[in-house]
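J.: here is a sequence together with a model predicted from it:
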Amino acid sequence: MIHHIKGNIVFKSPTYVVVETGGIGYQINISLNTYAQIEKLESVKLLTYFHVKEDSQTLFGFSDNAERTLFVQLLSVSGVGPNTTRVLLSSMTVDEARAAIVGENVAAFKKVKGIGPKTAKQIILDLKDKILKESGEINTSFSTQNNTLREEALQALVALGFSKIHIQKVLNKILKAEPQISSVETLIKTALKNLN
């Protein structure tokens, strides 16, 4: 298992880079999100995932662990391969993809080439609980309305500079205790009291 590669970038494109270290040049496939992070750099440290098939061995690189984690999780979904996963991570950020999975937003995946409604539903089915668990989520039985409220409140509070994981825990606690909350404003105000 190659955990990461650190070295000089000798070639760079939006789809892959060549990183030279110890006299060896590694071709590493990347997403547009990672490209945006390393576009102006001359040397880089990329976290990697080594994908082996019968007829090929491919190295994928990521600017941060959140992207690599989601990449590996997406690969675990039946019918989703590394190229589709890379297209997905080029079409949306890690946070957007996670929000779409948690919010069961099948429509959000429509803009991703190679992912139809059936695959989108499979991604949501397979990964929602995993993502909720790792984000510190407590209750997975929120209504669709609560999911929408929660997502809007989460985005607003992240924009205000609060820690995303901390906000998620607070919002879950509030919605569990007060499931009757029906406005984003009320949810944000209640969350702000708990966050301060």
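T.: Received it, and whenever you're ready, just let me know what you need. Numbers count the residues shown, from 1 in each chain.

J.: please make it C-alpha for all contacts and neighbour counts, starting now.
T.: Will do.

J.: residue ranges with poor pLDDT in this structure?
T.: Filtered on pLDDT under 70, the chain yields the residue ranges 135-147, 196.

J.: what's the closest non-adjacent residue to the residue minimising distance to the centre of it?
T.: Geometric centre of the chain, nearest residue: V94, 2.4 Å, by CA atoms, centre = their mean. Leaving aside its sequence neighbours, V94 sits nearest to E67 (CA to CA, 6 or more residues apart in numbering; 6.0 Å).

J.: double-check the one you found against E96; I have them as touching.
T.: No. Between E67 and E96 there is no contact, the gap being 11.4 Å when judged by CA atoms under 8 Å.

J.: of those two, who's got more company?
T.: More crowded of E67 and E96, by other CA atoms under 10 Å: E67, with 20 against 13.

J.: thinking again about what came up before, from Q57, how far out is the residue nearest to the centre of the chain?
T.: 25 Å (CA to CA, to the nearest Å).

J.: can you pull out the helices in this structure?
T.: In the chain, the segments counted as helices under DSSP state H are 32-38, 65-75, 82-91, 94-102, 117-134, 144-159, 164-177, 184-195.

J.: what comes up buried for the last one?
T.: Put plainly, it is helix 184-195. For helix 184-195, the neighbour count (16 or more other CA atoms under 10 Å) marks 184, 187-188, 191 as buried.

J.: phi and psi next, for the residue of the chain most remote from its centre.
T.: Here the chain reaches farthest from its C-alpha mean at G23, the gap being 33.1 Å by CA atoms, centre = their mean. Main-chain torsions, G23, degrees, to the nearest 10: phi 80, psi 0.

J.: dump the residue contacts of it.
T.: Not one residue lies near G23 by CA atoms under 8 Å, 6 or more residues apart in numbering.

J.: swap in V106?
T.: Contacts of V106 (CA under 8 Å, 6+ apart): 100, 117, 120-121.

J.: from these, list the buried ones, please.
T.: 100, 120-121.

J.: which among the residues you listed gets closest to P179?
T.: A100 (21.4 Å; CA to CA).

J.: which residue is the nearest non-sequential neighbour of the closest one?
T.: Using CA to CA, 6+ apart, the closest residue to A100 is A108 (6.2 Å).

J.: now the one you found: how far from T58?
T.: A108 is 28 Å from T58, by CA to CA.

J.: comparing these two, which residue is more hemmed in?
T.: Using other CA under 10 Å as the criterion, A108 and T58 rank with A108 on top: 17 against 13.

J.: the more buried one contacts V102, correct?
T.: No. Using CA under 8 Å, A108 is not in contact with V102, being 11.6 Å away.

J.: okay, now the spatially closest residue to H4 that is not a sequence neighbour: neighbour count?
T.: Among residues not flanking H4 along the chain, L47 sits closest, at 4.1 Å (CA to CA, 6+ apart). For L47, the neighbour count with other CA under 10 Å is 18.

J.: quick one: contacts for L47?
T.: Going by CA under 8 Å, 6+ apart, L47 touches 3-5, 61-65, 68.

J.: redo these as TSV? Include neighbour count and distance to V52.
T.: TSV is the format used below for those (neighbours: other CA atoms under 10 Å; distance: CA to CA, whole Å):
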residue	neighbour count	distance to V52
H3	10	15
H4	13	16
I5	17	17
G61	25	14
F62	25	17
S63	20	21
D64	14	22
N65	12	20
R68	20	16
